[in-house]
Structure formats: C-alpha cells, structure tokens
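A.B. asks: need the 3D shape of this:
(2 chains)
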Amino acid sequence: MRKRYHYAHHPFLSSLRLREIPYCVITKIKAYLERRSTTCQVVRMQVSMKLEMKDSPGQLVAAIKPISDVGGNIIAVIHQREPDQDTDILDVQIVLELPEGRLEKLIVLLKEQGVHIQRIGEERLLYKRTVILIGHLMHTDLSDTVDQIDSTGYAEVCELSMSMPAVNERSSSRITIKALSKTDMESALAILRKVAKKKDLLMIEPLGEIA
Amino acid sequence: MKVALIGMGSVGRGVAEMIAKKDLGLTITGIADSKSGLISDRGINIAKVLATKKKTGMCGDSTIPAIDVIKNADYDALIEVTPTNALSGEPATGYIKAALNRKKHVVTSNKGPVALHYKELKALAQKNGAAFRYEATVAGAIPIMHTLEHGLAGNEILALYGVLNGTCNYILNRMADEGLTYAQALMEARELGYAEADPTYDVQGIDAAIKLVILANTIWGNGVKLEDVDRTGIDLLTADALRLAEDEGCTIRLIAEACPRRNLFRVSPRIIEKSHPLVTQGTLNALTLETDMAKEITMIGRGAGSVETASAIIGDLLFIRDCYVQRA
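C.D. replies: The predicted structure is shown next:
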C-alpha cells in the first residue's frame, strides 16, 4: 500500500521517459526510489470535518467507510444529538488523519455517499516550498542532493520532477521540500543553497514575502 | 521655462518631439548630440533640428561640443539623455556637474551617474540650490520617484521588489508561452529591438541591479553599490525549468528585491505564481513597494521606449518649473 502510493504519486517516475535515458541513469533512479520507498515516511495530515447526515441506520458507516478507503484513520468522532431536537438531521464532527493529497478524493467519496460536509476545519499542513534546480543533476549525484535534505531529520524532499534533454546537457528539476516549521524550512533551504553552489547548480527559489 | 537638451538618441528625440508637439511652456535654447551642438537664446526650431539630424546625423554645428552648450546656453534646466555608461558614468557625470555648478536644474535618464555618484550629485545640487531629478532612470514611464517622494511621503519603505528589466521579461514570457529555448527567445528579442547586440547587461541582471541601486540610494540613502547586489541572470534558464514551474501554476521572472532590514539586495530568477501582480506580459515593468502605512503598492507600466521615457523626463521638468522656477 505504502509503496503503491509512492510510485503513483511520484512525478519523478511519471515525468520520465525511460527510453530516452541511459541505463546507468535508470539504475540510479531505481536505487533512489527503492531507498526512498523504505526510508521515506508517507506524509500525513490531520483534518477535522463537520458532517451533516440523516439520523437513519447506516449513515455513520456511509461517512466512515470512505475514510478507510482513502487510507485514513479516524482519531475522534463527536456526535451530538440534542434530546429535544425535532429534526432528524445529525451533526457529526470527525477528526481524522490521512495521507497527504487524499483529501479531495475523500470529499468526492463522501458526497457520493450522500453525506453533506458542512465545514472542513483547518488542515495541519506542513510547510512546503518548491524550488527548481538546473544543471548536471545526475552527474552531481541527485541522490546525494536529496539526501542532504532528508538526512536533516526535520525536512524532506517529498516531490521531485525532472526533465533530462540529453546526457551531456543540463537537466532541470522541480523539488518540493516539506518541513514542520518555518525555521526548519529556512535551514533546509540554506543547506540546499550550499549544495547547489558546490555542485554548480542554478537554484531558483519562489518569491515569498520579504519585508 | 528654458531647457537645454543633451543627447539626440531615441530618448532625446522623443523629448524634443513631445516638447514641440505639446503646449507645455518649454523652450529648447540649447541642443547637442555626440558630434555637434546648437545654441539659440530665443528658442530652437525643433522640427528643423530633427529633420537635419535625420538627414545628416548631426543636430547642429560640429564646432560646438555638448559641454559648450551646457556651459554657455541660457537655460533653466538641463535634460541629460546621453547613452548610459555603467562603469564610468561619463561623459554624463561631467555634464551634470557642469550644469549644477552653474546653478541649473538637471533632469536625466542616465543610470550611470546616478548609480555611481548619487551622494555627490545630490550634495552638489543642494549646495547650488538646484534640483537633480532622474525619474526616467528606473522603470521608464512608471512615476516611481514621484510616488516615493510625494505620494508616499511619510511612509517608511520596508522593502521593494519588482520586474525592472523589460528585455528579460520579454524573453521569459516567450520561453513560457511558446516553449522557446533561451537562445531562441533572445534572438527574437534582438530582432524586435528589445535586446542589444551584446545582451550581457540585460540578461545577467546588471541593468536591473543598477536600477535597484538607484532605488535603494533614493529611498534609504544607504550608499549601496552595484557590487553589493547579489546577482543571478536568466541566461542559464532552460525551457524545461519554465515548464516545471508552469505545472504548478507558476512561472519564472527576474526579480529585483531590496530589504535593508535583512541586508538583502538581490536580482535573481524566481518562481512566482502566474496570478501574482508582478507577472506581466511583454516588456512591461512592475514594482511593488511595502510600506508601513500604505502597505503594498504595485505599479505596472512601460519600462522603455522613446515617448514613454520622455513622459518621465517631462514630468520631472514640469515639477521643477512648478516648484523651483516659477517661485524664484
């Protein structure tokens, strides 16, 4: 399950045209993915939702089944029914965690089950920044570049897309880094800047708020 | 008000044409290009001079050099629009000093003197009770200097960032829209006259960095120099990089940014959301100021062009007329 998620969501694989790259590079990519599929944790996020459903048999299951279908875990279900309430509409508050990127799917599945989502609470999202690196990425050991971030323990490369026009031409890649706090993100970016400089890669950063 | 015009390139001709065409109350009493000069205290016939320039390549008498016009003509304000030399700032700096020493106001579009000798020229102007204005040096027709000086008076400017080089903006737009390589987009920019034969000055971010230096000195008086700006150009960008940005709803722009509190003075290609106000089409310039009271202010406009630059110069001239000449 975990492995499938990785492959399916890794633009690294989907953006590569394997026919166009030499075998040694393929070996490297394979090694890279295998290493990552065992060491990289699937990024999860926590969401709270307020659902509205009819107070009839099977409704709660209708709401809960899609959550497990997308690989989520339910942390809490708070379901209150005012004793004097004369409507048959029930409000249920659910706190759940699920693999990142699955929320949209969950919303669709819930709607299909006839569950009305009143409100989606704040997602506890990780800090995410995307940079572009241009240069001889493979020759300068892409695994090592990624590892410099992953080995920090507080930040990790969670997405990598790349395009390699020809063996001796400079390639371009888009790398998304996640970290738990702004400070961690800054430190991770500082590391990547240093690595890029050392490996003679052009690093393009996003324009953020600067004042 | 009487003015002397030094420099008859695209900008100089634009200024002369607008003064002739529009009833602005400006009379040109001295005019010079790199080879000749002309002085007439009663006013020069601009149409005639422009025709002569077109025919012979000279605007006046080859025995009268520009410096003679500056030193001898009867004028209130000097319009200095000779080509920029970013390294020496000459001959423009010499011209500007000669006029200021005669207690004449100076308006320039020349980045060299302002970026290299800002403090000296400002002090010289003040000593002589003359105005020294340079609206046209940064972001062409966008009235950034007037905005800073008057519109945002009393605001603390916390940071600024913007697209200050139209050539790079054009190249990046073409790479993103058409998937052109950097070399192809540059060639196209050259054919359209947006890029010089030697594009280094634009594509390596030097032009944007010089404009950033002028803005930083104007706003914060911090003496920042060109070598203090951390600079990366667009010449190593790939079409793939733009496509990778595009996949995320973003694009890449050459952004000049300054934030003195963080000691940040940088020109670099950046990933930016396509819906961001600084993402503009063609050769347009755009600039955002972050201030304490007004918060963010963004201005977008033409960064180059003959008449567009003339707009900035004439704005400076009329400001001088209203605030200095008429009161005197």
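
A.B. asks: C-alpha only now, for contacts and for neighbours.
C.D. replies: Noted.

A.B. asks: apart from its chain neighbours, what residue comes closest to the residue of the stretch 201-328 of chain B found nearest chain A?
C.D. replies: Closest approach between the stretch 201-328 of chain B and chain A, counting by Cα to the nearest Cα: residue B:271, at 4.2 Å. Leaving out its chain neighbours, the residue that sits closest to residue B:271 by Cα to Cα, 6 or more residues apart in numbering or on different chains is residue A:206, at 4.2 Å.

A.B. asks: just checking, that neighbour touches residue A:130?
C.D. replies: Yes. With contacts counted by Cα atoms under 8 Å, residue A:206 reaches residue A:130, the gap being 6.9 Å.

A.B. asks: returning to that earlier point: is the residue of the stretch 201-328 of chain B closest to chain A bridged to anything, and to what?
C.D. replies: On the basis of DSSP bridges, residue B:271 is bridged to residue A:206, residue B:252.

A.B. asks: can I assume residue B:214 sits in a strand?
C.D. replies: No. Looking at residue B:214 with DSSP: H, G, I helix; E, B strand; the rest coil, it is helix, so not inside a strand.

A.B. asks: can you name the next helix or strand after the helix or strand encompassing residue A:66?
C.D. replies: Residue A:66 is part of helix A:59-69 when elements are defined by DSSP states H and E. Next along the chain after helix A:59-69, taking DSSP H and E as the criterion, comes strand A:73-80.

A.B. asks: show me what contacts residue B:235?
C.D. replies: By Cα atoms under 8 Å, 6 or more residues apart in numbering or on different chains, residue B:235 lies in contact with B:182, B:203-204.

A.B. asks: try 6 Å
C.D. replies: Contacts for residue B:235 (Cα atoms under 6 Å, 6 or more residues apart in numbering or on different chains) come out as residue B:203.

A.B. asks: what's the distance between it and residue B:200?
C.D. replies: Residue B:235 is 9 Å from residue B:200, where distance means Cα to Cα, to the nearest Å.

A.B. asks: okay, domains of chain A per the record?
C.D. replies: Domain assignment for chain A by automatic domain parsing gives A:2-39+A:126-204, A:44-120.

A.B. asks: residues in contact with residue A:202?
C.D. replies: Listed by Cα under 6 Å, 6+ apart, the contact set of residue A:202 reads A:133-134.

A.B. asks: bridging residues for it?
C.D. replies: For residue A:202, the beta-bridge partners are residue A:134 (DSSP bridges).

A.B. asks: what about residue 58, neighbour count?
C.D. replies: Using chain A. 9 (other Cα atoms under 10 Å in any protein chain shown).

A.B. asks: hmm, I had chain B in mind actually
C.D. replies: Residue B:58: 20 neighbours (other Cα under 10 Å).

A.B. asks: helix/strand/coil for it?
C.D. replies: coil.

A.B. asks: quick one: the strands in the chain?
C.D. replies: Going with chain A. Under the criterion DSSP state E, strands of chain A are mapped to A:44-54, A:73-80, A:89-99, A:116-120, A:127-135, A:155-163, A:171-179, A:202-206.

A.B. asks: look at chain B instead
C.D. replies: B:2-6, B:27-32, B:37-39, B:77-80, B:105-108, B:132-133, B:157-163, B:230-231, B:250-259, B:264-273, B:285-291, B:296-301.

A.B. asks: pull the CA atoms of the first one into PDB?
C.D. replies: It refers to strand B:2-6. Below are the C-alpha coordinates for strand B:2-6, written out as PDB (Å, rounded to 0.1, in the frame of the first residue of the first chain):
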ATOM      1  CA  LYS B   2      14.100  77.300 -21.000                       C
ATOM      2  CA  VAL B   3      15.700  73.900 -21.300                       C
ATOM      3  CA  ALA B   4      18.900  72.500 -22.900                       C
ATOM      4  CA  LEU B   5      18.800  69.000 -24.400                       C
ATOM      5  CA  ILE B   6      22.000  66.900 -24.500                       C
END
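
A.B. asks: residues touching it, excluding its own?
C.D. replies: With Cα under 6 Å, 6+ apart as the criterion, strand B:2-6 contacts B:26-32, B:75-81.

A.B. asks: mean confidence for that strand?
C.D. replies: If you average the pLDDT over strand B:2-6, you get 97.

A.B. asks: how about residue A:181, phi and psi?
C.D. replies: Dihedral angles of residue A:181 (phi, psi; degrees, to the nearest 10) stand at phi -140, psi 170.
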